[in-house]
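**Student:** 3D model of this:
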Amino acid sequence: MSKELAKGITPNGSGEEGTTVLNILGQKYFIKALCESTFAFETNSDPGQFVPVHVHPTQDEFILVQDGVLDLKLDGKWVQAKEGDLVRMPKGIPHGYFNKSDKPCRALFWVSPTRKLEALFQQLHNLEDVDEVVRISAEHEVNFLPPEANE
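**Tutor:** Predicted coordinates:
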């Protein structure tokens, strides 16, 4: 990727100019900013939605909770992030996020560097087969742990 960061504003409730809303396992993802050094995206998680525990071996990841509450399994321990909290997940640390509340949650995520994550999201758009999601993710440097890691 050789894309430079575009200047400007990405409006609330939308993605960066020219991008569409991505549907990843039922959650809405808006690409907010994209360049070689960072990839920022907003997620909108309804109650009960989650992303299972996984590892990014080549990227640091951050979550800024904007609305609602996220329960996270972070390096084997359950923690909770509330509105305004920033979650820091260094590369190689297992993590997953879960909306266990009865209200939607909106959060800004970003990874650094971008590496293959944006390409992964494009391939996962509207894909419903969880086994295929896991397989494709591994090809893009995102490794899901066995289901018991989510307990």
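
**Student:** now the strands: where do they sit in this structure?
**Tutor:** Along the chain, counting by DSSP state E, strands occupy 22-24, 27-34, 39-45, 50-55, 60-67, 69-74, 77-82, 86-89, 95-98, 105-112, 143-144.

**Student:** Could you name the helices and strands sitting against the third one?
**Tutor:** Contact analysis of strand 39-45 by 3 or more CB pairs under 8 Å, 6 or more residues apart in numbering; DSSP states H and E lists strand 27-34, strand 105-112, helix 117-124 as its packing neighbours. For every residue, glycine as well, the C-beta is placed using N, CA and C.

**Student:** Partner strands of that strand, with direction?
**Tutor:** strand 27-34 (antiparallel), strand 105-112 (antiparallel) (DSSP bridges).

**Student:** same thing with the fourth one?
**Tutor:** Applying DSSP bridges, strand 50-55 is found paired with strand 95-98 (antiparallel), strand 143-144 (antiparallel).

**Student:** Show residues contacting that strand.
**Tutor:** 25, 27, 73, 92-99, 137, 142-145, 147, 149-150 (CB atoms under 8 Å, 6 or more residues apart in numbering).

**Student:** and if you look at stretch 84-94?
**Tutor:** With contact meaning CB under 8 Å, 6+ apart, stretch 84-94 is reached by 53-65, 70, 72-76, 79, 81, 95, 145, 149.

**Student:** so which of the strands of the chain gets nearest residue 126?
**Tutor:** strand 22-24 (5.2 Å; CB to CB).

**Student:** Could I get the average pLDDT for the closest one?
**Tutor:** Mean pLDDT, strand 22-24: 92.

**Student:** re earlier: please produce a PyMOL select command covering the buried subset of the contacts of strand 50-55.
**Tutor:** Buried residues among those (16 or more other CB atoms under 10 Å), as a PyMOL selection:
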select buried, resi 27+73+94+95+96+97+98+99+137+142+144+149
